[in-house]
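Visitor: My questions concern the predicted model and sequence given below.
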Amino acid sequence: MMFFSHLVLLTAMIAMIWSNVVFAEESAVIMDGFSEANEQALEAGKESFEFQAEVNRLMDIIINSLYKNKDVFLRELISNASDALDKIRFLAVSAADILGSNKDLKIEISFNDKLKTLTIRDTGIGMTKTELVNNLGTVAKSGTTNFVEALSEGAADLSLIGQFGVGFYSVYLIADKVRVVSKNNDDDQYIWESTADSSFTVAKDPRGNTLGRGTEITMFLKEDALGFTQQDKIEELVQRYSEFITFPIFLHKKSEKVVETAAEEEEEEETEGEDELEVQEEEEEAPAKTEKVEEWNWERVNNNVAIWSREKEEVTEEEYQKFYKSISKDPHDAATWMHFKAEGEVEFNSILYVPTEAGNLYDDYGKTEAGIRLYVRKVLIQDDFEDLLPKYLNFIKGVVDSDDLPLNVSRETLQQHKILKVMGKKLVRKVLEMLRKLSNDGNEADDSEEGEEPKEVTQDKDHPYIKFWEQFGKSIKMGVIEDAPNRAKLAKLLRFYSSNSGDNYISLEKYVSNMKEWQNEIFYVAGESLESVKKSPFLEMATKKGVEVVYLVEPIDEYVFQHLADFDGHKLQSLTKEGVKFSDEDEDVQKKRTKKYKETFKPLTKYLKDLYAGKVNKVVISSRMESSPAMVVTSQYGHTANMERIMRAQTFANQDNLKSISASKTLELNPRHPIIIELNSRVQADAEAQTTKDLGFLLYDTALTSSGFVQDDAEGFAQRMFRTMASSLNVKSLNLADEIDISEDDSEEEDSSSHDEL
């Protein structure tokens, strides 16, 4: 018994010793591919170097302030790897043997959550020992103090994309220590290592040539960056920033699968006295045992193709639509698109899409993010870049990829460079060209020659451009207001209903082509709704003459016309303003007739002007009414009834301003109308009579309402109406009648009636 106890104790001690040995061996291994012996040999062969002074400052800036988002380190390293692969591919064009046996040009990413490491490897050109020291120990292309000073002040103007100089140091956002293994065809394999202090080491790799060719960067992650050992997070970052990199990117992914375990063989024991049932149970096959097993495989994570870099003739419609959905996350197909390559002062490739539906674009227009993704050599720089297209074109989705765009060092904030402005102008021009072609024929836009004459097409509800207009018309209107340089082009994209268009929209170009020979102006009327505008008294004379009138029925429309002022040399004239004239009239005859009318109705116009003191500025005779006795108009530079209504509805409307608006009104009288003729007679017969005054005010009240204005004296209006009703009913007095007398008999009858009901 005692022997057995000693044996157990001895076994436990051996197990503990063996465990400590294993732990010590495992703890000496700090990254995949290096044994304890490798680490010891590496340590012995290290040669120390001091970082360039500017590099120390540079790393401090990058780590503490330059990068807003730590995720960008992966973008930087993938971009550098892609450039290294580009270089070896370029050299292989003239020297095919330079690739040797390692012909696969690719990028591989792996992680080890136990060792807390993340590794990215490429089969690119690699670096010699000298290049490791120079590229990773100094600031590439600029080792001057001036550069770092400018960088710290945010004023550096330098493009360091794809070079081991600036982007590389972003690894220290997430790593305490970085090890770079690199093999160039012209040198042995070397290892660069640093913990972001003032020095770094370089040593020959004791393992020999394990890479074949290329560079492998391993990051020893900080505690707050261990999330970068989660394969889902790494895959999401690669697909976000680098999904269109030319070279394949593989991720070493872990998966689990259920497998059957081998059944243990057991000795069969003979047991006497077993009954028949037990024998049958033994003979039955036992259920298979299973267990979960980890499986690691290399999987490509950047399957999307950068179709913008291909010739548009090679891309199918299905590919365009698939690409649109991948970048916009829109379940619907795009309405149209434009694929082009810009050349000249700046070169870039782009695909711009017009969505089918606006969605919630106008729910919070001011906060809507831009829909343009900006790439540099297929690496995502920003997925909502706002400086390429103006705010009113935020509904446009697409990509812009430039090879030589100047960037700030972090790639997160683009400099306000003149090239950006050139790109912006070209993109806006292309968008407007795309919409112009959509409005002309409804076919998919391309980048053919500009300046084509518009086709005369019927734009009913099913026309592709009308579908676009009903979704995004507000954006085009905002463009007319905000974008003065492109105002003329945007004006051609406007669509409105008119007195002649029925249920269809009409363009201003179409309106001009329909104008009367004598017509010089484009006439319009603004109102709260299409129904109210159609009933406007301002249309009477235009309708009689067969003149088409544009209907403005959205709050933004009048602002648009105020900024536009004219179209194709024709003034935009509101029929609700004073002084409207139709050019078909004989001016001399009209002047003589107006002069005669003024003399005839002088008593009435003078009387009404005094009566309406503070309400209108003028009372005049007009010849532009057909059936209405009067209407209220505003001066050429005053606010229309529709604009006044909009201003009243504003939350912070200034009441003093509203009062000044009211004082600018003009009452126009129709001298041929019986009411005006009779009222003129009454004024001359008995101007002081209350009935005359009430009739005069009622003329103003009804004209004000029918002209679209808000009644500003509801109490006075009501009292005048009651007096007029009384006069029509021959009521001599508006004093209330005496209350009816109630007798005792009436009271008894009431009580009896109530009792019967109970």
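Guide: In hand now; what should we look at?
Visitor: Now do Leu679 against Gln711, distance only.
Guide: Distance, Leu679 to Gln711, using CB to CB, to the nearest Å: 20 Å. The way it works is simple: take the backbone N, C-alpha and C, and place the C-beta from them, glycine included.
Visitor: same deal with Glu319?
Guide: When CB to CB is applied, the distance between Glu319 and Gln711 equals 61 Å.
Visitor: Low-confidence stretches in the stretch 251-400 of the chain?
Guide: Regions of the stretch 251-400 of the chain meeting the criterion pLDDT under 70 cover residues 262-288.
Visitor: same thing with the stretch 51-200 of the chain?
Guide: Scanning the stretch 51-200 of the chain for pLDDT under 70 picks out 58, 61-68, 139-166.
Visitor: quick revisit: out of Leu679 and Gln711, which sits in the more crowded spot?
Guide: Remark: of Leu679 and Gln711, Leu679 carries more neighbours, 23 against 11, as counted by other CB atoms under 10 Å.
Visitor: Can you identify the element that follows the strand or helix carrying that one toward the C-terminus?
Guide: Taking DSSP states H and E as the criterion, Leu679 maps to helix 674-686. Using DSSP H and E, the helix or strand that follows helix 674-686 towards the C-terminus is helix 690-706.
Visitor: how near is Val372 to Val400?
Guide: Careful, residue 372 is Ile; it's not Val. If you go by CB to CB, the gap between Ile372 and Val400 works out to 6 Å.
Visitor: any residues in contact with both of the two?
Guide: Common neighbours of Ile372 and Val400 (criterion: CB atoms under 8 Å, 6 or more residues apart in numbering): 385, 388, 427.
Visitor: now the residues you listed as TSV including neighbour count, distance to Val731 and secondary structure?
Guide: Shown next, in TSV, are these (neighbours: other CB atoms under 10 Å; distance: CB to CB, whole Å; DSSP: H, G, I helix; E, B strand; the rest coil):
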residue	neighbour count	distance to Val731	secondary structure
Phe385	18	74	coil
Leu388	24	73	coil
Leu427	24	73	helix
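Visitor: now, which of those sits nearest Thr356?
Guide: Leu427 (20.9 Å; CB to CB).
Visitor: Just confirm the closest one contacts Pro390, I think it does.
Guide: No. Judged on CB atoms under 8 Å, Leu427 makes no contact with Pro390 at a distance of 9.7 Å.
Visitor: mind listing the helices for the stretch 551-700 of the chain?
Guide: Counting by DSSP state H, counting those that start in this stretch, the stretch 551-700 of the chain has helices at residues 557-564, 587-600, 602-611, 641-649, 655-662, 674-686, 690-706.
Visitor: Between the ones you listed, which one is closest to Asp113.
Guide: Closest approach to Asp113 among the helices of the stretch 551-700 of the chain (CB to CB): helix 557-564, 58.9 Å.
Visitor: What's the mean pLDDT across the closest one?
Guide: For helix 557-564, the mean pLDDT works out to 93.
Visitor: Can you tell me how far Thr195 is from Met219?
Guide: With CB to CB as the criterion, Thr195 and Met219 are 12 Å apart.
Visitor: Which one of the helices of the stretch 551-700 of the chain lies nearest to Asp83?
Guide: Ranking the helices of the stretch 551-700 of the chain by proximity to Asp83 (CB to CB) places helix 557-564 first, at 47.5 Å.
Visitor: when you compare where the closest one runs with where helix 641-649 runs, what's the angle?
Guide: If you take axes from the mean of the first three to the mean of the last three CA atoms, to 10 degrees, helix 557-564 sits at 110 degrees to helix 641-649.
Visitor: Put the alpha carbons of helix 557-564 into PDB.
Guide: Coordinates of each C-alpha in helix 557-564 appear next as PDB, following Å, rounded to 0.1, in the frame of the first residue of the first chain:
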ATOM      1  CA  ASP A 557     -39.600  76.400 -56.600                       C
ATOM      2  CA  GLU A 558     -39.800  80.100 -56.200                       C
ATOM      3  CA  TYR A 559     -36.300  80.200 -54.600                       C
ATOM      4  CA  VAL A 560     -35.100  78.300 -57.700                       C
ATOM      5  CA  PHE A 561     -36.600  80.900 -60.100                       C
ATOM      6  CA  GLN A 562     -35.300  83.800 -58.100                       C
ATOM      7  CA  HIS A 563     -31.800  82.400 -58.500                       C
ATOM      8  CA  LEU A 564     -32.300  81.500 -62.200                       C
END
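Visitor: Okay, buried residues for it please.
Guide: For helix 557-564, burial by neighbour count (16 or more other CB atoms under 10 Å) applies to 557-561, 564.
Visitor: So which residues of the stretch 351-500 of the chain form strands?
Guide: Ranges of strands in the stretch 351-500 of the chain, per DSSP state E, counting those that start in this stretch, are 372-376, 379-382, 397-402, 497-498.
Visitor: chain center to the second one, what's the gap?
Guide: From the chain centre to the centre of strand 379-382 is a distance of 16 Å (CA atoms, centre = their mean, to the nearest Å).
Visitor: That one - contacts with which helices or strands?
Guide: Packing contacts for strand 379-382, counted by 3 or more CB pairs under 8 Å, 6 or more residues apart in numbering; DSSP states H and E, involve helix 72-94, helix 231-241, strand 372-376.
Visitor: ok, it: who's next to it in the sheet?
Guide: Applying DSSP bridges, strand 379-382 is found paired with strand 372-376 (antiparallel).
Visitor: circling back to that earlier point, now the helices of the stretch 551-700 of the chain in a markdown table, with distance to Ala335?
Guide: Formatted as a markdown table, the helices of the stretch 551-700 of the chain follow (distance: least, CB to CB, whole Å):
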| stretch | distance to Ala335 |
| --- | --- |
| helix 557-564 | 23 |
| helix 587-600 | 49 |
| helix 602-611 | 55 |
| helix 641-649 | 31 |
| helix 655-662 | 41 |
| helix 674-686 | 54 |
| helix 690-706 | 41 |
